[in-house]
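Participant: here is a sequence together with a model predicted from it:
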Amino acid sequence: MVNRVTNVPLYEAMRELHNSNSSTYTIEQLATAGKVSKQAYYKWLNSSETANGQLNEVLMYKIQELDDNHHHNLGVKRMTMYLNHNDNILYRINIKRVRRLMRITGILADIRKKKHNRIKTNEMYITYNVFNQNFRTTAPNKNGQLT
């Protein structure tokens, strides 16, 4: 299950300790020792998996399967495209969700972005001094040396 709860291992340990020795360890003592509230523990204990959580599980399985089939060559954009063209998935999948699920499962593409070596330089063109700095003309729009 993809959980956004950060204290899941602590809550599971609290549940195990309380179930094994309910007379020795109360939830209140375990909560104060773990620096969490009783309300947060009971909210986690009574929570059920949501529809989004179930969809995330299906997507993680599909992402893992696509990654294995394509030999780790799919990045986030192409993975999203393949998932959206899949007939089994009824909803449009957002690229941010795919990125988050790939990060959770630890999938990285072996491809990389091309890096261009574009160093901006000031180009200087040196030309010959055709006019010899003489810009006087005999008539308008005429200069004798320039043809």
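Facilitator: The structure has been received and is ready for your questions.
Participant: now do the helices in this protein.
Facilitator: Secondary structure of the chain (DSSP state H): helices located at 8-20, 27-34, 38-46, 51-69, 76-84, 95-105.
Participant: now these in TSV, with distance to residue 142 and mean neighbour count?
Facilitator: No exception for glycine: its C-beta is placed from N, CA and C like everyone else's. Supplementary listing: the helices of the chain in TSV, determined by distance: least, C-beta to C-beta, whole Å; neighbours: other C-beta atoms under 10 Å:
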stretch	distance to residue 142	mean neighbour count
helix 8-20	87	14
helix 27-34	93	14
helix 38-46	89	13
helix 51-69	73	14
helix 76-84	61	18
helix 95-105	64	16
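Participant: give the contact list for the closest residue to residue 59 other than its chain neighbours.
Facilitator: Taking C-beta to C-beta, 6 or more residues apart in numbering as the measure, residue 59 lies nearest to residue 101, with 5.7 Å between them; neighbours along the chain are not counted. If you count contacts by C-beta atoms under 8 Å, 6 or more residues apart in numbering, residue 101 has them with 2, 56, 59-60, 63.
Participant: ok, the residues you listed vs residue 138, which is closest?
Facilitator: Relative to residue 138, the closest of the contacts of residue 101 is residue 63; by C-beta to C-beta it sits at 79.1 Å.
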